[in-house]
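**Q** Task: produce atomic coordinates for the following.
(one chain, ligands or ions: 1)
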Amino acid sequence: MRNRKILLSENEIPDKWYNIMADMPNKPLPPLNPGTMEPIGPEALAPLFPMALIEQEVSPEKWIEIPDEVRDIYTLWRPTPLYRAYGLEKVLDTPAKIYYKYEGGSPSGSHKPNTAVPQAYYSAKEGVKKITTETGAGQWGSALSFACNHFGMECDVYMVKVSYDSKPYRKIMMNTWGANVYASPTDRTEAGRKILAEHPDSPGSLGIAISEAIEMAAGDPETKYALGSVLNHVKLHQTIIGQEAVVQMEKAGDMPDIVIAPFGGGSNFAGLSFPFLQKNFTEGTKIRCIASEPASCPKLTRGVFRYDFGDTIGMTPLLPMYTLGHNFVPAPIHAGGLRYHGAGVIVSQLLKDGLIEAASHNNPEVFEAGITFARAEGIIPAPEATHGIATAVAEAKKCKEEGVSKTILFNLCGHGNFDMKAYQDYFEGKIEDHELTTDEINASLAELTTPEID
Ligand SMILES: *Cc1c(COP(=O)(O)O)cnc(C)c1O
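**A** Down below sits the predicted model:
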């Protein structure tokens, strides 16, 4: 029989997270205080995050121990399987070998619990009573709800309105784990009220929801805030994905030429690719790592590298990143988790230095790729995950045209079982290509007053 699934045993769950900052040739530039334009130290983050996570955010250590309590919960769904996509290879009639790492088997159905669990663990250990957060498609909110419930903390989730309306069962899922869920923008916060005054029909955005969740946490000493992407410690936690995948590829007697993952803020891309980049840094391999983003929110392929706020209102420090401008509100595509104006700092620096690549795909193309995948492999992908599939399909087709066999690995970072509305819209012909003009991008960037980076 062919070996379709490459599995690991529970004792092969990594016991350390990999911190790529130790190996990066150019370290990321520091965050700036928007008032003084001076670099800020980690202490500025103390009102929002537990100390353990702030230490990880700036740690120079290459390997960071995973607490036993966290590894213990990881065993609920980890190690995750790595699949050889025989079905997809066949329908594409490609000489490429395609593999995917499947993170959809977690309790909430994506890679997000990999970081929700340690974030909740460190918060609980430091006496936090409540965590606030934002969620786009609901994936992060569900993961954090699950993790907070496990450690006996309250969880308040600000869910982007367009997703709140289109994914009602995500809300119920969060409620099942005991969380409170609010459609953002809300009238509970100043940030929300300000947006609603200007745009009463605002579909919301991750940037707006982040402003709301931060405002609620900053005003209460027993409440902390948690972010499901973008930050260094989030990417760090996700590196268990790639560490497992490296071992699984070795077991398969193979190694990828190309590693692909969808890109929202960069956490699942970082999670899969960083351990392979480590091989590039330390063993001289030349594995290409490609981040896949939607054409309607193309910060990596059409944005600029400069200092910008992480949220819409401007409450965060200024971060050196690829951005479309913090006021950019992407078209309400179903891949809610990819509707973020900026990119994480580490990934931005790697892209600037030419150490990773980026690709973008339009909306109809990713749905076609997602449906091709579902029919060939069975699993219905999350709309976010279809972007990575589209890049994998494009690379596999290139192999066919050029008559070369390459090994492709992509991250199937979540299932789409709660995203039937998205698939329904596709079958009803309602999926549009949101052509984004250069003028629109320039108009958003023109509103930036933050410093450019040479
Ligand atoms: C959140 C999410 C994303 C985007 O976030 P990243 O931090 O870029 O990984 C992509 N896919 C799924 C399934 C998600 O839940």
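
**Q** Residue 177 versus the closest residue to the ligand within the stretch 1-150 of the chain, what's the distance?
**A** Of all residues in the stretch 1-150 of the chain, the one sitting closest to the ligand is residue 139 (3.0 Å; Cβ to the nearest ligand atom). For the C-beta atoms, the positions are set from N, CA and C on the backbone; glycine is no exception. Distance of residue 139 to residue 177, computed by Cβ to Cβ, to the nearest Å: 13 Å.

**Q** who's more crowded, these two?
**A** A count of neighbours by other Cβ atoms under 10 Å puts residue 139 above the other of residue 139 and residue 177, at 31 against 19.

**Q** quick one, what contacts that one?
**A** 108-110, 112, 170, 228, 337, 382, 384, 414 (Cβ atoms under 8 Å, 6 or more residues apart in numbering).

**Q** buried sites along the helix ranked longest in the chain?
**A** Secondary structure of the chain per DSSP state H: the longest helix is helix 232-251. Judged by neighbour count (16 or more other Cβ atoms under 10 Å), helix 232-251 contains these buried residues: 232-249.

**Q** mean confidence score for it?
**A** In this model, helix 232-251 carries a mean pLDDT of 98.

**Q** Pull up the distance across stretch 228-237, start to finish.
**A** Taking Cα to Cα, to the nearest Å, the first and last residues of stretch 228-237 lie 11 Å apart.

**Q** Also stretch 288-305?
**A** For stretch 288-305, the separation between the terminal residues is 21 Å (Cα to Cα).

**Q** From here on, call the first residue 14.
**A** Okay, residue one is now 14; in that scheme the one you just asked about reads as stretch 301-318.

**Q** How about that stretch and the ligand, touching?
**A** No: judged by Cβ under 6 Å from any ligand atom, stretch 301-318 stays clear of the ligand, getting no closer than 8.2 Å.

**Q** Please apply the same query to stretch 383-393.
**A** No: Stretch 383-393 is not in contact with the ligand by Cβ under 6 Å from any ligand atom; minimum separation 11.8 Å.

**Q** Return the distance of that stretch from the chain's centre.
**A** In terms of Cα atoms, centre = their mean, to the nearest Å, the centre of stretch 383-393 is found 21 Å from the chain centre.

**Q** Going by secondary structure, the residue of the stretch 164-313 of the chain found nearest the ligand is in what exactly?
**A** Across the stretch 164-313 of the chain, no residue is closer to the ligand than residue 277, which sits at 2.7 Å (Cβ to the nearest ligand atom). Assigned by DSSP states H and E, residue 277 falls within no helix or strand.

**Q** That one: what's it in contact with?
**A** Residue 277 sits next to 149, 242, 350-353, 397 when contact means Cβ under 8 Å, 6+ apart.

**Q** Assign a three-state SS to the closest residue to residue 77 other than its chain neighbours, would you?
**A** In this structure, residue 77 finds its nearest non-sequential neighbour in residue 30, 4.8 Å apart by Cβ to Cβ, 6 or more residues apart in numbering. With DSSP: H, G, I helix; E, B strand; the rest coil as the basis, residue 30 sits in strand.

**Q** For residue 30, the count of nearby residues, please.
**A** Using other Cβ under 10 Å, residue 30 is surrounded by 27 other residues.

**Q** for residue 138, same thing?
**A** 14.

**Q** got a pLDDT number for it?
**A** Looking at residue 138, its pLDDT stands at 98.

**Q** I'd assumed residue 65 was in contact with it.
**A** Yes: here residue 138 reaches residue 65: they are 7.2 Å apart, a contact under Cβ atoms under 8 Å.

**Q** Quote the end-to-end distance of stretch 42-49.
**A** For stretch 42-49, the first-to-last residue distance is 16 Å (Cα to Cα).

**Q** thinking again about what came up before, just checking: which of the contacts of residue 277 also lie near the ligand?
**A** Filtering the contacts of residue 277 for proximity to the ligand by Cβ under 6 Å from any ligand atom leaves 242, 350-351, 397.

**Q** Spell out whether the helix or strand of the chain with the lowest mean pLDDT and the ligand are in contact.
**A** Sorting the helices and strands of the chain by mean pLDDT, DSSP states H and E puts helix 174-179 at the bottom, at a mean of 90. No: using Cβ under 6 Å from any ligand atom, helix 174-179 stays clear of the ligand, coming no nearer than 11.2 Å.

**Q** And that helix, what does it pack against?
**A** Helix 174-179 sits against strand 193-197, with contacts defined as 3 or more Cβ pairs under 8 Å, 6 or more residues apart in numbering; DSSP states H and E.

**Q** ranges for the helices of the stretch 314-463 of the chain?
**A** Ranges of helices in the stretch 314-463 of the chain, per DSSP state H, counting those that start in this stretch, are 358-365, 376-390, 398-415, 433-440, 451-459.

**Q** Need the distance between the two termini of stretch 368-387.
**A** Length of stretch 368-387, first residue to last, Cα to Cα: 31 Å.

**Q** beta partners for residue 114?
**A** When bridges are called by DSSP bridges, residue 114 pairs up with residue 95, residue 424.

**Q** That one and residue 254 touch, don't they?
**A** Yes: taking Cβ under 8 Å as the definition, residue 114 is a contact partner of residue 254 at 6.0 Å.

**Q** between these two, what contacts are shared?
**A** With Cβ under 8 Å, 6+ apart as the test, residue 114 and residue 254 both reach 93, 285, 424.

**Q** Report pLDDT for the first one.
**A** pLDDT recorded at residue 93 is 98.

**Q** count of neighbours near it?
**A** Neighbourhood size, residue 93 [other Cβ under 10 Å]: 24.

**Q** who's in contact with stretch 17-26?
**A** By Cβ under 8 Å, 6+ apart, stretch 17-26 touches 84, 87-88, 91-92, 94-97, 99, 253, 257, 260-262, 264-265.

**Q** what do you get if the cut-off is 6 Å, keeping everything else the same?
**A** Outside stretch 17-26, the residues that touch it by Cβ atoms under 6 Å, 6 or more residues apart in numbering are 84, 87-88, 91-92, 94-97, 261, 264-265.

**Q** Nice, that's everything, thank you.
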